[in-house]
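**Student:** next one to model:
(2 chains)
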There are 2 protein chains.
Amino acid sequence: MGNFDYKHRLDRCSSLMKEEGIDVLILTKPSNMFYLTGDSRLCAFAMVTQEGKVALGMPQTDIDDVKQLARFDHLVGFEDEVGMIHSLAHYFMHFGIKQGVLGLEYTFLTQSMMSMLTHPHGKPKGVTVKDCTSIMSKLRLVKDEEEIEHIRAAAKVSEMGMRAAVEAIKPGVTESQIAAEAEYAMRQNGAEGFWRTYVASGPRTNIAHGLPTLRKLQDGDLVMIDIHPIVNNYSADICRTVCVGKPTGEQQAAYDLFLKAQEMTINKVKAGAGMIDLEGTMHGVFKDAGHDEHIFGPPIHGLGIDFEEAPLPPGHAFFHGEKAPDPLEKNTVIAVGNCGLYVGPWAVRIEDTVVVGQEGPEVLTNYPKSLFK
Amino acid sequence: MGNFDYKHRLDRCSSLMKEEGIDVLILTKPSNMFYLTGDSRLCAFAMVTQEGKVALGMPQTDIDDVKQLARFDHLVGFEDEVGMIHSLAHYFMHFGIKQGVLGLEYTFLTQSMMSMLTHPHGKPKGVTVKDCTSIMSKLRLVKDEEEIEHIRAAAKVSEMGMRAAVEAIKPGVTESQIAAEAEYAMRQNGAEGFWRTYVASGPRTNIAHGLPTLRKLQDGDLVMIDIHPIVNNYSADICRTVCVGKPTGEQQAAYDLFLKAQEMTINKVKAGAGMIDLEGTMHGVFKDAGHDEHIFGPPIHGLGIDFEEAPLPPGHAFFHGEKAPDPLEKNTVIAVGNCGLYVGPWAVRIEDTVVVGQEGPEVLTNYPKSLFK
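**Tutor:** Numbers count the residues shown, from 1 in each chain, chains lettered A, B, ... in the order given. Just a heads-up that it's a prediction; the model follows:
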């Protein structure tokens, strides 16, 4: 499935842990576990020491499956939550960790999961806890060639999903049925899964997170389709807005403006570019056209194993436990166009997956951009 | 979409808040928001006072959409996370809450969301926090007739999804492609969405959470399909295990045993039955047949707006912030069969959605149970 250089990843992780004063990590977020161990699953954990030792815990039913996927041989199965806590205690003892700083994923763990992972029957009393979100983000920020190949494959699948969805657009079809076409095409063409699909139509294009409903498309509606296939554990992100029938002049003008803003922004993507500058470019086009009031949301976010990951925009970043992003590095992968232009009774959005190149952008999602079906 | 009695729900919520010493709730879990307000969405919140006053916060783009759905008129939009914190401060002031106990969803909120909702720019200093999970679970535990109708509709859709998936089973098809058929059929037949789909085949039937992969089905494989459509915000849960081609005698024997255990357990479902007793019935059949080592997971959980909700089994319940479940009440809805029988190289599982009746069970998911396609 992947021949990633785990030794290299763990060495980098150790350096970051030292910088942040973290002695040991317990990871439960599947994307973080996958990055460092080759396996990811629900209800499991990876303990990673500053010396690069890795130990895994999982439901006992899953041991054989994990052996096929993970690159490490410290495995322990548990039957239930109590067993999970005992397996943590076992590993703390095995690694001789009685004090120090434990890194936990504050942006992923629920409050009750936090209590479980820091339960006094598991964690030694002398071990304190600290957020490790920024370590894992920094580690995963720049992609290697194999990772970019997987994202490229996901981008191809996203184009097939988008085509199927757009072709199904006609009056009387529900938003959920449009989503069905996209998801079906993605799975049939090599996706092992997908993150949540957004399909919003008519006045619903105006909401921030347009999950599909049973609303039926009507002639003249705009339809916003935002999909995120997963191929070999890596994701792509594409959004298109298409009209049911013939768009009005106002719809076409807003679409053309959004497209201009998105493409100007993409053209400025390269190593060394700043997230805030790129955001300023995109929003600037809208503002220059008198749309100050019609902008919502930061236009850029990173993607990779997760469909939304670092780099995250400043402001958002703070509340997601991230540090303010540095200038973009070569081989970071971002989605550009995540904000909408909310004109009133409807909105438009166009979003693409872009690799940050040394000299400029490489756009991975190339489904045609047109308001007409 | 629903003519639920919100007044009645809020009155019951107030009583439970008084019992638990909670003065005000901030809800962000979509299912909890939906239950008390009629609207649910990502990145939004509902503040609910012990006097039954309700105020909502949401992305500013969403205000018009929320007005269509929510039954309450205290709405405030925000542009970003800072705005969200300010809207919380505004509502605390509006309701005159300077001290008291704030209930938060410890089993849903991430550590970083907890920090945001308790940020000193939002929450008054004199307000302390407490987990409100058990209040919301108790509130939603027993379903009214309209809720059961929605779950019944979701159950019908789950049967169509299962039929499409089972019909697609043949050697060479990937697990993801089987999932595609189920999901497509559910959306085409009235589901607005679905919770995660599990499709696991061959040795992968042995893992606890078998998300689909690109593994191709082989002759003789067992295939475990577990799906969860959402119709009008309510969910159903069905799992079937089907063989690719002709099952071996050992596979058929395990299947027959699981079916016997599941049906014996379902037959004991009625008002007053205990979760632990039902679990004992199911596991007892396996143990009597010498399968002590092959059981994993609690066989029963509740469902409703969420596909897994209270009542949760004891043990699990503790770590999910729930109290140990009382005897089942009439019109609670549960899924029976959630554990697997893990025989070694493969496992079987059969799961159905069941309404707890006064005198006995009403099974809502009636797709045929057969190891043969």
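
**Student:** domain parsing for chain A?
**Tutor:** Domains of chain A are assigned by automatic domain parsing as A:6-140, A:142-363.

**Student:** which one, of those domains, ends up nearest to B:I350?
**Tutor:** Relative to B:I350, the nearest member of those by C-beta to C-beta is domain A:6-140, separated by 16.8 Å. In this view, the C-beta of every residue, glycine as well, is placed from N, C-alpha and C.

**Student:** list phi and psi for the closest residue to A:N206 other than its chain neighbours.
**Tutor:** Once flanking residues are discounted, A:N206 sits nearest to A:A347: 5.0 Å by C-beta to C-beta, 6 or more residues apart in numbering or on different chains. Phi and psi for A:A347, reported as degrees, to the nearest 10, are phi -140, psi 160.

**Student:** what number of residues are in the vicinity of A:K373?
**Tutor:** A:K373 has 13 neighbours, counted by other C-beta atoms under 10 Å in any protein chain shown.

**Student:** wait, I meant A:Q188
**Tutor:** A:Q188 has 19 nearby residues by other C-beta under 10 Å.

**Student:** go on, A:N3?
**Tutor:** By other C-beta under 10 Å, 7 other residues sit near A:N3.

**Student:** leaving out chain neighbours, which residue sits closest to it?
**Tutor:** Nearest residue to A:N3, sequence neighbours excluded (C-beta to C-beta, 6+ apart): A:E146, at 6.8 Å.

**Student:** which strand or helix spans that neighbour?
**Tutor:** helix A:145-167 (DSSP states H and E).

**Student:** and that helix, what does it pack onto?
**Tutor:** The elements that helix A:145-167 packs onto, with contact taken as 3 or more C-beta pairs under 8 Å, 6 or more residues apart in numbering or on different chains; DSSP states H and E, are helix A:175-188, strand A:222-227, strand A:229-231, strand A:234-235, strand A:238-243, strand A:352-356.

**Student:** dump those into CSV; add distance to chain B and mean pLDDT as well.
**Tutor:** Below are the helices and strands packed on helix A:145-167 laid out as CSV (distance: least, C-beta to the nearest C-beta, whole Å; pLDDT from 0 to 100):
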stretch, distance to chain B, mean pLDDT
helix A:175-188, 4, 98
strand A:222-227, 12, 98
strand A:229-231, 9, 98
strand A:234-235, 13, 98
strand A:238-243, 15, 98
strand A:352-356, 21, 98
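
**Student:** and A:V127, which of the ones you listed is closest to it?
**Tutor:** Using C-beta to C-beta, the helices and strands packed on helix A:145-167 put strand A:234-235 closest to A:V127, at 33.6 Å.

**Student:** quickly run through the sheet partners of that closest one, with directions.
**Tutor:** Taking DSSP bridges as the criterion, strand A:234-235 forms sheet pairs with strand A:229-231 (antiparallel).

**Student:** A:L278 contacts A:H301, doesn't it?
**Tutor:** No - here A:L278 does not reach A:H301: they are 11.3 Å apart, not a contact under C-beta atoms under 8 Å.

**Student:** re the thing from before, take the helices and strands packed on helix A:145-167 and lay them out in CSV including distance to B:V242.
**Tutor:** Output for the helices and strands packed on helix A:145-167, formatted as CSV (distance: least, C-beta to C-beta, whole Å):
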stretch, distance to B:V242
helix A:175-188, 19
strand A:222-227, 29
strand A:229-231, 25
strand A:234-235, 30
strand A:238-243, 34
strand A:352-356, 37
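
**Student:** B:Y6: which of the ones you listed is closest?
**Tutor:** Nearest of the helices and strands packed on helix A:145-167 (C-beta to C-beta): helix A:175-188, 25.6 Å.

**Student:** and the closest one with helix A:145-167, angle?
**Tutor:** Here helix A:175-188 runs at an angle of 140 degrees relative to helix A:145-167 (axes from the mean of the first three to the mean of the last three C-alpha atoms, to 10 degrees).

**Student:** and the strand or helix carrying A:M17, what does it pack onto?
**Tutor:** A:M17 belongs to helix A:6-20 when assigned by DSSP H and E. Under the contact criterion of 3+ C-beta pairs under 8 Å, 6+ apart, helix A:6-20 touches helix A:30-37, helix A:133-141.

**Student:** mind checking the end-to-end distance for stretch A:11-28?
**Tutor:** 20 Å (C-alpha to C-alpha, to the nearest Å).

**Student:** now do stretch A:292-310
**Tutor:** 27 Å.

**Student:** for stretch A:269-277, same thing?
**Tutor:** Stretch A:269-277 end-to-end distance (C-alpha to C-alpha) = 10 Å.

**Student:** close to chain B, is it?
**Tutor:** No - judged by C-beta under 8 Å from any C-beta of the partner chain, stretch A:269-277 stays clear of chain B, getting no closer than 14.1 Å.

**Student:** mean confidence for that stretch?
**Tutor:** Stretch A:269-277 shows an average pLDDT of 95 in the prediction.

**Student:** for it, buried residues please.
**Tutor:** Neighbour-count burial for stretch A:269-277, counted by 16 or more other C-beta atoms under 10 Å in any protein chain shown, picks out A:V269, A:A273, A:M275, A:I276.

**Student:** hey, where'd the helices end up in chain A?
**Tutor:** A:6-20, A:30-37, A:63-69, A:81-94, A:111-117, A:133-141, A:145-167, A:175-188, A:249-267, A:275-288, A:316-319 (DSSP state H).

**Student:** just how off-centre is the third one within its chain?
**Tutor:** Read it as helix A:63-69. For helix A:63-69, the separation from the chain centroid amounts to 25 Å (computed by C-alpha atoms, centre = their mean, to the nearest Å).

**Student:** any idea of the mean pLDDT in that helix?
**Tutor:** Regarding helix A:63-69, the rounded mean pLDDT is 91.

**Student:** just the CA trace of that helix, in PDB.
**Tutor:** Extracted C-alpha coordinates of helix A:63-69, given in PDB (Å, rounded to 0.1, in the frame of the first residue of the first chain):
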ATOM      1  CA  ILE A  63      -4.300  -8.000  15.800                       C
ATOM      2  CA  ASP A  64      -3.800 -10.100  12.600                       C
ATOM      3  CA  ASP A  65      -5.000  -7.300  10.400                       C
ATOM      4  CA  VAL A  66      -2.700  -4.800  12.000                       C
ATOM      5  CA  LYS A  67       0.200  -7.100  11.500                       C
ATOM      6  CA  GLN A  68      -0.400  -7.000   7.800                       C
ATOM      7  CA  LEU A  69      -0.300  -3.200   7.700                       C
END
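
**Student:** in that helix, which residues are buried?
**Tutor:** So helix A:63-69, judged by 16+ other C-beta under 10 Å, has buried residues A:D65, A:V66.

**Student:** anything in that helix near chain B?
**Tutor:** Yes - using C-beta under 8 Å from any C-beta, helix A:63-69 reaches chain B at A:D64, A:D65.
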